[in-house]
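Colleague: sequence unknown, structure follows:
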């Protein structure tokens, strides 16, 4: 039984509603990719075996085109390849950010060698990382231009934050959510990241209050809000449990000093938790909202949480974001 059939079978124990299914292309779909480095090659584990390569068909074409040429330049430099063990790629669709991770301190000569490589490319930034060290060659932030319906918006991201890795399915995810919005007033969003759903959904609500515990994500989201000239989105660096505590008026937060929480009329809560799913505090908080949008990267904890939040599934979609893996993404409207 494949992963889609398996989840649909498990889902049938919770609802009679049939999920919408969105499939990804098998190649060229990943805007973020991570590889090991060994024996002068990129490496990845496939079927429990290490595979050596100079390129991969899975990443976005921008990354595919860069991989063999960049590998050759790294291998031409003893300094660049020595104690290098991981190479991460991330793209906006035009620019590429490459992070090289080492088991050694990075000295001035490494910076000079990295700059020499970077000078050969128009749209490439390099980051060198080792223990307690980060060296940036070029701009760190990527500006992703996302087209949705008849509008477009800009989202800033970098290698310190999470952003949807499958550009092909991303617009379908946003579209599925907006189809479910009825009686929308204000939105509370938890685990907002750098704004992958905050920004496109802002026009569908009167106001949005978005929270996230990662300070880098919040910084980028605030800059993206300005880039897109949005006036109805407020953000705060709060964990899910802190957000629940703030809304329950259990204690004051300095980070909320300039935000009038009493002015919000929340009709929806949107959660996009890590694989572990929702905390008990977040589950308790969610019960205060009429509508809940649950985005999950782990169908198992999603089904567990559906029971805990004591809601019915009104609509659900499955997104095969990682076509070559056993992972699935699920989005559901719960009432």
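Modeller: Ah, there it is. Remember, predicted model here, so these are calculated numbers, not experimental data.
Colleague: which residue ends up closest to the midpoint of the protein in space?
Modeller: residue 163 (2.5 Å; Cα atoms, centre = their mean).
Colleague: that one reaches residue 32, doesn't it?
Modeller: Yes: in this structure, residue 163 is within contact of residue 32 by Cβ atoms under 8 Å, at 7.3 Å. Glycine gets a C-beta too; all of them are placed from N, C-alpha and C.
Colleague: circling back: which element is the residue nearest to the centre of the chain on?
Modeller: Secondary structure assignment for residue 163, by DSSP states H and E: no helix or strand.
Colleague: now do the one 10 residues further on
Modeller: Per DSSP H and E, residue 173 falls inside helix 167-179.
Colleague: which is the next helix or strand following the helix or strand hosting residue 234?
Modeller: Residue 234 is part of strand 233-237 when elements are defined by DSSP H and E. Sequence order places helix 240-247 as the next helix or strand after strand 233-237, per DSSP H and E.
Colleague: quick one, that next one and strand 233-237 angle?
Modeller: Helix 240-247 runs at 120 degrees relative to strand 233-237, counting by axes from the mean of the first three to the mean of the last three Cα atoms, to 10 degrees.
Colleague: next structured bit after helix 240-247?
Modeller: Moving toward the C-terminus from helix 240-247, the first helix or strand encountered (DSSP H and E) is strand 266-271.
Colleague: could you check the angle that following strand makes with helix 167-179?
Modeller: 150 degrees.
Colleague: and strand 266-271, what other elements does it pack with?
Modeller: Using 3 or more Cβ pairs under 8 Å, 6 or more residues apart in numbering; DSSP states H and E, the elements in contact with strand 266-271 are strand 186-190, helix 280-286, strand 291-296.
Colleague: right, so these: which one is the most enclosed?
Modeller: Ranked by mean neighbour count under mean count of other Cβ atoms under 10 Å, the helices and strands packed on strand 266-271 are led by strand 186-190, which reaches a mean of 24.
Colleague: what's that strand packed up against?
Modeller: Counting by 3+ Cβ pairs under 8 Å, 6+ apart, strand 186-190 packs on helix 198-201, strand 207-212, helix 240-247, strand 266-271.
Colleague: could you dump those into CSV with mean pLDDT, distance to residue 289 and mean neighbour count added?
Modeller: CSV is the format used below for the helices and strands packed on strand 186-190 (pLDDT from 0 to 100; distance: least, Cβ to Cβ, whole Å; neighbours: other Cβ atoms under 10 Å):
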stretch, mean pLDDT, distance to residue 289, mean neighbour count
helix 198-201, 96, 15, 24
strand 207-212, 98, 12, 25
helix 240-247, 90, 10, 20
strand 266-271, 98, 4, 22
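Colleague: okay, these in TSV with distance to residue 25 next?
Modeller: Converted to TSV, these look like this (distance: least, Cβ to Cβ, whole Å):
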stretch	distance to residue 25
helix 198-201	22
strand 207-212	30
helix 240-247	33
strand 266-271	27
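Colleague: and of those, who's closest to residue 180?
Modeller: Residue 180 lies closest to strand 266-271 among the helices and strands packed on strand 186-190, at 9.3 Å (Cβ to Cβ).
Colleague: quick check: angle from the closest one to strand 186-190?
Modeller: Going by the same axes, to 10 degrees, strand 266-271 makes 20 degrees with strand 186-190.
Colleague: for strand 266-271, the distance to its chain's centre please.
Modeller: Put simply, strand 266-271 sits 19 Å off its chain's centre (Cα atoms, centre = their mean, to the nearest Å).
Colleague: in its sheet, what does it sit against?
Modeller: Paired with strand 266-271 in the same sheet, following DSSP bridges, are strand 186-190 (parallel), strand 291-296 (parallel).
Colleague: to residue 263, which of those lies closest?
Modeller: Taking the strands paired with strand 266-271 one by one with Cβ to Cβ, strand 186-190 is closest: 8.7 Å.
Colleague: and that closest one with strand 207-212, angle?
Modeller: 10 degrees.
Colleague: list the contacts of the closest residue in space to residue 162 that isn't next to it in sequence.
Modeller: Excluding the flanking residues, the one nearest residue 162 by Cβ to Cβ, 6 or more residues apart in numbering is residue 193, at 4.9 Å. By Cβ atoms under 8 Å, 6 or more residues apart in numbering, the residues touching residue 193 are 161-163, 212, 214, 217, 221, 272.
Colleague: ok, residue 66 next?
Modeller: With Cβ under 8 Å, 6+ apart, residue 66 has these contacts: 89, 96, 98, 121, 124.
Colleague: for the fourth one, which non-adjacent residue is spatially closest?
Modeller: Put plainly, it is residue 121. Residue 121 sits nearest to residue 66 (Cβ to Cβ, 6+ apart), 7.5 Å away.
Colleague: so, low pLDDT: which residues of the stretch 1-150 of the chain?
Modeller: For the stretch 1-150 of the chain, applying pLDDT under 70 flags the ranges 1.
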